[in-house]
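[1] after the sequence you'll find the predicted model.
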Amino acid sequence: MATTPVQAPFLSGLLLGASLIIAIGAQNAFVLRQGLLRSHRFAVALFCALSDAALIAAGVGGLGVAIGQHPRMLAVVACAGALVLAWYGIKALRRALHPEVLTPDTHGATASQWRVLAACAGFTWLNPHVYLDTVLLIGSLASAWPVPGPRTLFAIGAATASFTWFFGLAYGARLLAPLFRKPLAWRVLDVSIALVMWGIAGKLMLSFLAH
């Protein structure tokens, strides 16, 4: 079936959004863990997806151009994000060192929805890579489409990729549940999460120092 003018911007946004979001990162690692724990999955997936949609809308609306003119703003956010990711990396390592808390029932019962969403907000809004991908990159590429219709469809396509990915990750994680019935699997996951977060934190601090 030939691609119609209406489908073209939507599919372009969908593919771009998917290519940017499907990558190992602090946010995805956090959503994966909550999915494995079956703890506040809907709230976490919805928060991440709505956050992406809001940032995409802002970028397509012109915020990306404004932020690009103030690189020091991103540098400050990079520093704050690095500190948050480093702290949660430490918490992940502590979980890995204490196998008695590495069970879905135990951990899920002790983490309130508000605490989980607060952590999720840190991974989302204090990570400059999120702004680079959603606001700057998607925002700049959206300018290739005329307003208002095609550009709006491009943004909707990119946001759809976020909704599909986060809900798929949160609820699809249950397929890995048999593997994570063993404490060793939780150890490996939490150590991996810690390394991912520290790696991203290190890159963010380097970018902050560069400014």
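    That came through, no problem. Numbering: from 1, shown residues only.
[2] pLDDT score assigned to the residue nearest the centre of the chain?
    In the chain, the residue lying closest to the centroid (C-alpha atoms, centre = their mean) is Gln27, at 3.7 Å. As predicted, Gln27 sits at a pLDDT of 83.
[3] kindly report the same for the one 10 residues further on.
    At Leu37, the predicted lDDT confidence score is 84.
[4] likewise the one 10 residues further on?
    According to the model's per-residue confidence, Phe47 sits at a pLDDT of 96.
[5] against Gly13, how distant is it?
    Noted for Phe47: a distance of 21 Å to Gly13, by C-beta to C-beta, to the nearest Å. The C-beta positions use only the backbone N, C-alpha and C, and glycine is treated the same way.
[6] re earlier: hang on, the residue nearest to the centre of the chain packs against Val130?
    Yes. The criterion here is C-beta atoms under 8 Å, and Gln27 meets it with Val130 at 7.4 Å.
[7] any shared contact partners between the two?
    Common contacts of Gln27 and Val130 (C-beta atoms under 8 Å, 6 or more residues apart in numbering): Thr124.
[8] more crowded one of Phe47 and Gly13?
    The neighbour comparison of Phe47 against Gly13 (other C-beta atoms under 10 Å) goes to Gly13, with 28 against 18.
[9] now the more buried one, nearest residue through space, not along the chain?
    Of all residues not flanking Gly13 in the chain, Gly157 sits nearest, at 2.8 Å (C-beta to C-beta, 6 or more residues apart in numbering).
[10] again with Gln34
    Val44 (4.9 Å).
[11] list the contacts of the residue nearest to the centre of the chain.
    48, 120, 123-124, 127, 130.
[12] secondary structure element for it?
    Using DSSP states H and E, the element containing Gln27 is helix 26-37.
[13] next, the buried residues of that helix.
    26-37 (16 or more other C-beta atoms under 10 Å).
[14] keeping just the C-alphas, turn that helix into PDB.
    The C-alpha coordinates for helix 26-37 follow below in PDB (Å, rounded to 0.1, in the frame of the first residue of the first chain):
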ATOM      1  CA  ALA A  26      18.400   4.900  33.300                       C
ATOM      2  CA  GLN A  27      14.700   5.500  32.500                       C
ATOM      3  CA  ASN A  28      14.200   2.200  30.600                       C
ATOM      4  CA  ALA A  29      16.100   0.300  33.200                       C
ATOM      5  CA  PHE A  30      13.800   1.700  35.900                       C
ATOM      6  CA  VAL A  31      10.700   0.900  33.900                       C
ATOM      7  CA  LEU A  32      11.900  -2.600  33.300                       C
ATOM      8  CA  ARG A  33      12.500  -3.200  37.000                       C
ATOM      9  CA  GLN A  34       9.100  -1.900  38.000                       C
ATOM     10  CA  GLY A  35       7.600  -4.200  35.300                       C
ATOM     11  CA  LEU A  36       9.400  -7.200  36.700                       C
ATOM     12  CA  LEU A  37       8.200  -6.300  40.200                       C
END
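[15] distance of Val135 from Cys48?
    Applying C-beta to C-beta to Val135 and Cys48 gives a distance of 16 Å.
[16] just Ile21 next, same as before
    Applying C-beta to C-beta, the value for Ile21 to Cys48 is 9 Å.
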